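>>> model this:
(2 chains)
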Amino acid sequence: MTPAIELIGIDKRFGEVHANNNVTLSIAQGSIHGIIGENGAGKSTLMSILFGFYAADKGEIKVRGEPVKIRSSSDAIALGIGMVHQHFMLVDPFTVLENVVLGAEGGALIGPALDKARAELNRLSHEYELDVDPDAIVGELPVGLQQRVEILKALFKGAEVLILDEPTGVLTPDEADHLFRILATLRDQGKTVIFITHKLREIMAITDHVAVMRRGELVADFETAKTNVEDLAEAMVGRRVLLRVEKGPSQPGEVVLEVKNVSWADRIGVARVDNVSFNVRKGEIVGIAGVSGNGQSELLDVIAGITRPKSGDVIFEGKGVGQLADPQYLRREGLAHVPEDRQHRGLITSFDASESGILGWHFEESLGRGFKLDRAKVIARGAEEMAQFDVRPANPLLKSAKFSGGNQQKLILAREIGSNPDLLIVGQPTRGVDIGAIEFIHRRLIELRDQGKAILLVSVELDEIRSLSDRILVMFAGRVMGERPGTADERELGLLMAGVSKDAA
Amino acid sequence: MAARGDLPAWVDIGVIPLLNLTIALVVAGLVVVIIGENPFQALSIMLNGALGSLKGWSYMTYYATNFIFTGLAVAVAFHAGLFNIGGEGQAYVAGLGAAMAGLGLEFLPWWLVIPSAIIASAAFGAFWAWVPGYLQAKRGSHIVITTIMFNFIALSLMSYLINHVFRPLGKMSVESRAIDAGYIPSFRELGRMIGITAPNTPLNPVIFLALMSAFGVWYLLWRTKLGYEIRTVGANMDAAVYAGIRPQRIIMITMAISGGLAGLLAANEVLSAQHRLVLEYVQGAGFVGIAVALMGRNHPFGIILAAMLFGMLYQGGTELSFERPLISRDMIVVIQGLVILFMGALEQAFRPALLRYFARAGD
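As a prediction, this is how the structure comes out:
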């Protein structure tokens, strides 16, 4: 049978970066083909070329055996290729129906198109288990359903090949399972699915074939059934990696951080953090699990002194600091904070690395007396941080934006851990970080714990929470649904993440 | 995985401004052709008027003094992510401080009056910029809008004060009486004291204050903790908040510094060149500062160069309007506007082409 898509010798450079190096890949009709690789391995570039966002410097694309030129996304759509982006391209105030019709209005009047779309939407919903209310406002739908709208949009436009870019990042385990069922149905009906991810487990769970990319090259193309997680990881990184962190039992000491009945409401008065209480002790890692957007970020901000809680208090080493809302005071007292959003908060992309390396600590006298900031000392500090955490390239004068995600994160960790804190609060420590760096970061966090420091970890990666935490709290809709030991199984945590609590019943 | 790369620094700070300037000059040349004059002759008269004699150089540097102050004012604010369009009004109100101290402290010796008057200039300018800063920080009123508005308020306020308070009874021209004790003599007058003949221009020691200010701004931004905080707020507000920097405070401080720099223009004009407070004495130098800062890439060193360039255009333009009455001095305003257009609004116009060129050259 002719393959649905053939990419032959695709080559693409961005300046000095060889994003795709002579990539040849064939994707069989009616299959789910995974593409896996670290960040910057070239997966997204390859798919962007297929979807017409970039033009390849060299190479050929064939769709169902026919050589084609794809110059724009509309060319791609006309060839029956649809894409579901990591960040949804939906108009929030519009209804599902209006979003689906977007770009296929077909005339000055919207009425006929909407009627046609409604019928088609009903058919698709039944065929593929894609139930969504066509008249619901998209902005009010949960993320999992918004994703379904994206899939419907692509199918409505006649997609035979569906590209999904990191689709599970925003989903609960349950929603992810549902997505996998939908994808399986699509495949069984003869559609072709290309599934981009960096999560090995998902590849094993859903795909028929898996292509591994590393540094712009396609290094392996396996039949999923004939491979395993370890081999995939090795192909991705280019060496054997430890997927499990080794750690001994924790020896918790005295309480360092106590969060007492903390609530926080956003500008329109919705409680984003709702009466949360817990503590963190010396020598332990407390993990906060939960689907992104359930109040974890806001809770971290309150603890870090960035926002003031509406009620309740944060007690850090015996002092009530919640109402102070003064991050610099907290840093002086021994709190370090690795923010969730590294690009927008953790460092300043336009500053050189050494300047990013003092962000939040620039007030220290060791960097210059009084009002002065001693450039030589700033650079020396940057160089030291880079050496400590093996940041590459180890050039403190290089712009922060020029480092890979993993190295940026290592720089931030070096800065925060380097301050020798009593408490480290860390959000999404390995988001967008390649596997090799993940291993390194996890080991460092465990080391810090074993030195008797307290760590509060927030992550949406359940695997990460489970492998690092000594105790796990699960947040849902601003509340702590329950506390479980670090050994809790995934199903149980998944239920709590979805808001189902045995404790409450 | 952005497709855009970076240009080499010398292209970014050298080639792009020059390219933009050249195109602004070419378009201005077309305007000259439309008027019916020869653009090449016009250019040669301009260059000769500014660079052909010591007097020309001296005038050019005198103009540049003003532009350094207003350019630095725009640049400091820019580094905090603020677009201060109010340099004109801040410099104008600063004249009030200069005149009040210069005229009101006459009983003191000159070496006390001059520093006080300079400080008063900076303080009045600082206040006039701090208010929009406060409104931005605490009320969320956009700084661009408020600083523009404040130019008009300054205009009305100063017209009233100069007309009704400062103008001596019976005098026809709208200006204060001469400032004597606080007067900063020009280089020509200083030279005469020691027997050197300097060209007859208003150039005076305030140029050194301008150069010192440029150094001061560089030091502040890149060698102090406050400067680090200013740049952090300008580069990334969220990161600043994360770092425990209070953006509201930084916005107000930065605007005050910015206004203070614009205010120092009063030292050059009110305390020296005019040695009195004259109606609308700023004459657009506040706006030129925007072009100067854009052209100088918001770096003090670049600003000095750009200020000299604009000083040259001003001096050359004056000569040109003498020699070719068809071309008025407003031609300079046209060039200035074109430079702002090409440097500011169309700054990215040549970037993609240059990026492609250098990407190819790199292979």
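>>> Please identify the residues of the stretch 251-400 of chain A in proximity to chain B?
The interface of the stretch 251-400 of chain A toward chain B, taken as CB under 8 Å from any CB of the partner chain, is made up of A:304-306, A:326-331, A:337, A:339, A:341, A:344-351, A:355, A:358-360, A:362-363, A:367-368, A:371-375. Glycine gets a C-beta too; all of them are placed from N, C-alpha and C.
>>> Which of those residues fall within helices?
The helices, defined by DSSP state H, take in A:327-331, A:355, A:375 from those.
>>> JSON lines for those, including neighbour count and pLDDT?
Formatted as JSON lines, these follow (neighbours: other CB atoms under 10 Å in any protein chain shown; pLDDT from 0 to 100):
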{"residue": "A:327", "neighbour count": "21", "pLDDT": "95"}
{"residue": "A:328", "neighbour count": "16", "pLDDT": "94"}
{"residue": "A:329", "neighbour count": "15", "pLDDT": "94"}
{"residue": "A:330", "neighbour count": "26", "pLDDT": "95"}
{"residue": "A:331", "neighbour count": "22", "pLDDT": "95"}
{"residue": "A:355", "neighbour count": "26", "pLDDT": "96"}
{"residue": "A:375", "neighbour count": "14", "pLDDT": "95"}
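>>> for chain A, which helix is longest?
Among the segments of chain A that qualify as a helix by DSSP H, the longest is helix A:111-128.
>>> Can you name every helix or strand that the helix or strand just after it contacts?
With elements assigned by DSSP states H and E, the helix or strand that comes after helix A:111-128 is helix A:143-156. Helix A:143-156 makes packing contacts with strand A:81-84, helix A:96-101, helix A:111-128, strand A:161-165, helix A:173-188 when contacts are defined by 3 or more CB pairs under 8 Å, 6 or more residues apart in numbering or on different chains; DSSP states H and E.
>>> Which residues does the shortest one contact?
Pointing back at strand A:81-84 there. Contacts of strand A:81-84 with the rest of the structure, by CB atoms under 8 Å, 6 or more residues apart in numbering or on different chains, involve A:5, A:47, A:50-51, A:63, A:70, A:73, A:76, A:147, A:150-151, A:153-155, A:157, A:159-165, A:167.
>>> ditto for stretch B:330-349
Residues from elsewhere that reach stretch B:330-349, judged by CB under 8 Å, 6+ apart: B:16-17, B:20-21, B:23-25, B:27-28, B:31-32, B:284, B:287-288, B:290-291, B:294-295, B:310, B:313-314, B:317, B:320-321.
>>> and the stretch 201-350 of chain B, which of its residues are near chain A?
Proximity of the stretch 201-350 of chain B to chain A, by CB under 8 Å from any CB, involves residues B:222-229, B:231-232, B:235-236, B:238-239, B:241-244.
>>> Can you turn the buried part of those residues into a ChimeraX selection?
Selecting in ChimeraX just the buried members of those, where the criterion is 16 or more other CB atoms under 10 Å in any protein chain shown, is done with this command:
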select /B:222,223,224,225,226,227,228,229,231,232,235,236,238,239,241,242,243,244
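>>> how much space between residue A:258 and chain B?
To chain B, residue A:258 is 22 Å away according to CB to the nearest CB, to the nearest Å.
>>> To what extent is that residue buried, counted in neighbours?
Close neighbours of residue A:258, defined as other CB atoms under 10 Å in any protein chain shown, add up to 17.
>>> Please list all residues in contact with it.
Counting by CB under 8 Å, 6+ apart, the residues that residue A:258 touches are A:278-279, A:314-316.
>>> Redo those as CSV? Include neighbour count, distance to residue B:203 and secondary structure.
Converted to CSV, those look like this (neighbours: other CB atoms under 10 Å in any protein chain shown; distance: CB to CB, whole Å; DSSP: H, G, I helix; E, B strand; the rest coil):
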residue, neighbour count, distance to residue B:203, secondary structure
A:278, 17, 70, strand
A:279, 18, 70, strand
A:314, 24, 61, strand
A:315, 16, 65, strand
A:316, 25, 60, strand
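>>> Looking at the residues you listed, which is nearest residue B:159?
Proximity of the contacts of residue A:258 to residue B:159 was ranked by CB to CB; the top entry is residue A:314 with 55.6 Å.
>>> so the closest one makes contact with residue A:260?
Yes: here residue A:314 lies in contact with residue A:260, judged by CB atoms under 8 Å, at a distance of 7.4 Å.
>>> any shared contact partners between the two?
Contact with both residue A:314 and residue A:260 is made by no residue, according to CB under 8 Å, 6+ apart.
>>> picking up where we left off before, of the helices and strands packed on helix A:143-156, give the one that comes closest to residue B:164.
helix A:96-101 (62.7 Å).
>>> same for the closest one, what does it pack against?
Contact here means 3+ CB pairs under 8 Å, 6+ apart; on that basis helix A:96-101 packs against helix A:111-128, helix A:143-156.
>>> how far does the first one sit from the chain's center?
For helix A:111-128, the gap between its own C-alpha mean and the chain's C-alpha mean amounts to 32 Å (CA atoms, centre = their mean, to the nearest Å).
>>> follow-up on the earlier one: sort out for me which of the residues of the stretch 201-350 of chain B next to chain A are in helices.
With helices defined by DSSP H, the entries of those inside them are B:222-223, B:225-229, B:231-232, B:235, B:238-239, B:241-242.
>>> What's the local residue count around the residue of the stretch 101-250 of chain A found nearest chain B?
Residue nearest to chain B within the stretch 101-250 of chain A: residue A:216 (11.0 Å; CB to the nearest CB). The criterion is other CB under 10 Å. On that basis, residue A:216 has 24 neighbouring residues.
>>> just residue B:325 next, same as before
Residue B:325 has 8 neighbours, counted by other CB under 10 Å.
>>> Assign a three-state SS to it, would you?
coil (DSSP: H, G, I helix; E, B strand; the rest coil).
>>> ok, it to chain A distance?
Counting by CB to the nearest CB, the separation of residue B:325 from chain A is 49 Å.
>>> now the strands: where do they sit in the stretch 151-300 of chain A?
When secondary structure is read from DSSP state E, counting those that start in this stretch, the stretch 151-300 of chain A shows strands at A:161-165, A:192-197, A:209-214, A:217-223, A:255-265, A:271-281, A:285-289.
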